[in-house]
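Participant: Next one to model:
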Amino acid sequence: MNEASVDLIAATLTRRTDAFECFRLERCGQSIAFEAGKLRSAKTAQTSGVGVRVVRDGRLAVGGTGDPTAIDAMIDSTIQAAAFGDACEFAFAPPAGACGVNVFEPRVREMGAAELVAIGRRVLEQLADFIGSSDGRATLNVGVWTNCDRFALVNSADQRADYQTTGLGVSISVECFGDDDILMVWDSDEGCTAGLDVDALIARVRQKLDWGRTLAPAGDVGTTPPMIFTPQGFNALLGPLITGLDGRNVADGISPLADKLDGAPILDPRLTVLDDATAPARPGSLPFDDEGVPGERTVLIDAGRAVNFLLDLRSAAELGRASTGNAHRDLTSAPAPTPSNLIALPGETPLAQMIGDVADGLLIDYLIGAGHGNILAGDYSNTIGLGFRIRDGRIVGRVKDLSIAGNVYRDLARVTAIEDRNHWRGSTCLPHVRVDGVQLAG
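Facilitator: Sure thing, here's the model as predicted:
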């Protein structure tokens, strides 16, 4: 069954299983990389594979392969494995139409390596003055990539999903070397169309480089100074919260939010967080998830209250709820709830005012060491990868050798200001957020 279509595989599974789900993923991409200002690589890649889930005698098994000559063997082994699988207590997705989001642009699919190189050179040219003024003590790395995927799914409940996606992304990283110091600045963005705002990305990197030229001592900043988190920094704080909102963790009884749905606020009432697979042209948007459930816009935290979880079909069935269209999987693993585009609604305070209101504190751009601490309980402990000192309402320089630690459920209840706009960065759209009372170590 070489290069089998999902319909051909579905015909086989119809005869041999009680219920099934089959999908096929085709992926092609290209990338270029500049290292230390020089073009170092230009790559193309093309892969495809088939994944299945089967139910036989009430038991479930998962299989997949990227080898087109091994599809028959994969089907046989998956059906045999069902005898030892877990009981299947959910139904595959019923027929439903796509959510209608557009995530495909032919222009991106047609972009060649020369166009990617031109984007990379544009970045180099616009940051050349900074690199040139560093006396050879700075390196600039740029990556540019495109991808084009096609996903097709058929299941025994007569659901069909077939769509294409495109993506264009740019990443920039700069390392500046001092006598006893290294300044590391990085940023990136990605979208589904050729209209990616590369100039805005360059401007963000330049701003951080300008702020980082001066090293500001922070020994007297105190142990719990006011902290403003950039969208990148705020995203790191949201990581443990999303773990708590994961439907699998809730169904397994290991999430601290399992009994908090629709209860009292768990975060500051100004915080509203949602997952949105319907946002136009964003990399997390999809017409269907990997189980064939249409993408949705799901409010997770509403005015500080937990109101929904990220759910796939299995966790939804265990919790007596409906899937939120957040199932994602690779070829050989079972689906699991995964965010699409994570959005926090803006507040009321302009960024300039947020900074101006801080007499002595920090602006934190990104954190190092995600995953440290008891994530399920909401704990975190991270080194500040890039942060800046605020004195008398002005950013006066960069800080180093500092860490923060805390608990997101406690600390995100101490929010004192939210920026009046949010910012797309790939699959997140977040504002700057001020939090008071976070523990600082240095």
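Participant: Give the bridge partners for Leu60, please.
Facilitator: Taking DSSP bridges as the rule, Leu60 bridges to Val55.
Participant: Need the pLDDT of it.
Facilitator: pLDDT, Leu60: 97.
Participant: Tell me who's in contact with it.
Facilitator: Arg53, Val54, Ala82, Gly85, Asp86, Ala87, Cys88 (Cβ atoms under 8 Å, 6 or more residues apart in numbering). C-beta here means a position set from N, CA and C on the backbone, and glycine is covered the same way.
Participant: Got phi/psi on the fourth one?
Facilitator: When read as degrees, to the nearest 10, the backbone of Gly85 gives phi -80, psi 180.
Participant: The spatially closest residue to His328 that is not a sequence neighbour: how many residues sit nearby?
Facilitator: Leaving aside its chain neighbours, His328 sits nearest to Thr338 (4.0 Å; criterion: Cβ to Cβ, 6 or more residues apart in numbering). As a burial measure, Thr338 scores 17 neighbours (other Cβ atoms under 10 Å).
Participant: my guess is Thr338 meets Asn326, correct?
Facilitator: Yes. In terms of Cβ atoms under 8 Å, Thr338 counts as a neighbour of Asn326; the distance is 5.8 Å.
Participant: shared neighbours of these two, anything?
Facilitator: Common neighbours of Thr338 and Asn326 (criterion: Cβ under 8 Å, 6+ apart): Leu310.
Participant: Could you point out which residue ranges in the chain have low pLDDT?
Facilitator: Counting by pLDDT under 70, the ranges of the chain that qualify are 1-4, 134-136, 370-373, 442.
Participant: Kindly state the domain boundaries assigned to it.
Facilitator: Domain assignment for the chain, taken from automatic domain parsing, gives 6-211, 215-442.
Participant: most tightly surrounded among those?
Facilitator: domain 215-442 (a mean of 20; mean count of other Cβ atoms under 10 Å).
Participant: How far does it sit from its chain's centre?
Facilitator: 11 Å (Cα atoms, centre = their mean, to the nearest Å).
Participant: quick one: the helices in the stretch 251-400 of the chain?
Facilitator: Taking DSSP state H, counting those that start in this stretch, the helices of the stretch 251-400 of the chain run over residues 313-319, 351-356.
Participant: could these go into a markdown table alongside distance to Ile368?
Facilitator: Output for the helices of the stretch 251-400 of the chain, formatted as a markdown table (distance: least, Cβ to Cβ, whole Å):
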| stretch | distance to Ile368 |
| --- | --- |
| helix 313-319 | 31 |
| helix 351-356 | 23 |
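Participant: quick one, which of these is nearest to Ala194?
Facilitator: Of all those, helix 351-356 sits nearest to Ala194, with 28.8 Å by Cβ to Cβ.
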